[in-house]
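In: Take this sequence and fold it.
(one chain, ligands or ions: 1)
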Amino acid sequence: MPELRIENLTKRFKNETVLDGVSFTVAEGETTILFGPSGAGKTVLLRCIAGAVDPEEGRITIGGNDISDVPPEHRGIGMAFQNFALFPHMTAFDNIASPLTARRWSREKIQEGVEQVAKLLKIGHVLSHPPRALSNGQKQRTALARALAASPEILLLDDPLRNVDAKLRFEMRLELPRLLADQGATVIYVTQDYKEAMALGDRIAVLSGGRIAQIGTPEDIYRRPASVEIARHFGDPTINLLDVVPEKDGGGVFTRLSDQRVPLDSGLEAAVGRDCVLGLRPEALRFSDSPDGIPVEIEAETPFNEKTVTLVVTARKREILISRPAGTAAPGSGTARIEVDATDALLFDRATQERIAPQHRGGGKSEAAA
Ligand SMILES: Nc1ncnc2c1ncn2[C@@H]1O[C@H](COP(=O)(O)OP(=O)(O)OP(=O)(O)O)[C@@H](O)[C@H]1O
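Out: Sure thing, here's the model as predicted:
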């Protein structure tokens, strides 16, 4: 399957610049998640790739070939939309078969192709139904089946699970990676759900302000977010953000919370004395018996299925969320102490909101390898 390359793509509607020099590459057979808030331009970008919208500037290549002058139907692209876009007067079978019919496949081949993909998506029993007789989850799967049936080289999936219920979304999150891998297609998958992004993406491209704010593996985005905004979007409960000014002494780089030292990566020397934001993931904090721990008051505790989240406040009235696996013990109420693991602390410049990456001189551990 071919590589898909987007180069410097710009799209304006009247005075609004929706895409502003977007560039990224999806390697062959890879699933890249396009992640961004509502209105970020995700659908517009997919429509540019599919040929439904013409960009003002930039280039799109598939397998190295510029597709600007290739009509949509000859681009080898399959698309599934968030609103299903099923033909209302056709059965589920005919909807799924429509790209194959358009290619004038034989009746036997169409039958075989539709049944195969319907079986994979567990909608074989509703193929004779019209869309109005399908549940949202079945409509969703029918739309996806139609996109998959044609075995396109490039698959564009626009938030395909947005309208399905939580149970089905959970199941599909588990099943889709295998399904997409089996297809072997090069995939762009749009979602606003960070868990879906982390579960399904080989890589995640974050679209913000018309530009790609960061692209990387799910682990890159989670552990090394480029900005406060990205750090906030990825994580539940959301990351703790605390204004700090890092310091340095013989013991290394550190900052203080309630007069207790929070050690920071030694490569963060450039941040010493600067106004920063400390980012602490709730799961990077733990309760501690150590006298060096940060003293806090426990305010409230919320059990979820797989974890328990505790809200604490420091002596300076800073609120912090801590999460721990469900069933593990913690101080019940009143006063406690918490500890931070230096390797998990993130530091952002308060003015630019961008992350300050640790610098290790002399061939030390590099950021990418950390
Ligand atoms: N045909 C059009 N004419 C004018 N403006 C448009 C057109 N299509 C999209 N836009 C504008 O482009 C911007 C991006 O829209 P788009 O649908 O791509 O966002 P999105 O990231 O997909 O959002 P969502 O997650 O809510 O679907 C919006 O401000 C939208 O109003």
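
In: And for the residue nearest to Pro131 when sequence neighbours are not counted, the neighbour number?
Out: Excluding the flanking residues, the one nearest Pro131 by Cβ to Cβ, 6 or more residues apart in numbering is Leu86, at 4.4 Å. (Each C-beta comes from the backbone N, C-alpha and C, glycine too.) For Leu86, the neighbour count with other Cβ atoms under 10 Å is 23.

In: before we move on, what about the one 5 residues further on?
Out: Look at Thr91: counted by other Cβ under 10 Å, it has 19 neighbours.

In: can you check Ala226 too?
Out: By the criterion of other Cβ under 10 Å, Ala226 has 20 neighbours.

In: what pLDDT does it get?
Out: pLDDT recorded at Ala226 is 97.

In: where does it fall, phi/psi-wise?
Out: When read as degrees, to the nearest 10, the backbone of Ala226 gives phi -70, psi -20.

In: which residue sits closest to it in space, ignoring its chain neighbours?
Out: Using Cβ to Cβ, 6+ apart, the nearest residue to Ala226 is Gln214, at 4.0 Å.

In: Can you classify the one you found by secondary structure?
Out: strand (DSSP: H, G, I helix; E, B strand; the rest coil).

In: Report the central residue of the protein.
Out: Ala197 (3.2 Å; Cα atoms, centre = their mean).

In: List of residues touching the longest helix along the chain?
Out: In terms of residue count, the longest helix belonging to the chain (DSSP state H) is helix 166-183. Helix 166-183 has contacts (Cβ atoms under 8 Å, 6 or more residues apart in numbering) with 29, 31, 120-121, 137, 140, 148, 151, 155, 161, 164, 187, 193, 195-196, 199-200.

In: By mean pLDDT, point me to the weakest helix or strand of this protein.
Out: Lowest by mean pLDDT, DSSP states H and E among the helices and strands of the chain is helix 166-183, with a mean of 81.

In: could you pull out the helices for the stretch 1-150 of the chain?
Out: Using DSSP state H, counting those that start in this stretch, the helices found in the stretch 1-150 of the chain span residues 42-50, 92-102, 107-120, 136-149.

In: in the least confident helix or strand of the chain, what's buried?
Out: Neighbour-count burial for helix 166-183 flags 168-169, 172-173, 176, 180, 183 (criterion: 16 or more other Cβ atoms under 10 Å).

In: tilt between that helix and helix 136-149?
Out: Angle of helix 166-183 versus helix 136-149, following axes from the mean of the first three to the mean of the last three Cα atoms, to 10 degrees, is 10 degrees.

In: Check which helix or strand whichever residue of the stretch 201-350 of the chain sits closest to the ligand maps to.
Out: The minimum distance from the stretch 201-350 of the chain to the ligand, using Cβ to the nearest ligand atom, falls at Leu207 (7.0 Å). Secondary structure assigned from DSSP states H and E places Leu207 in strand 203-208.
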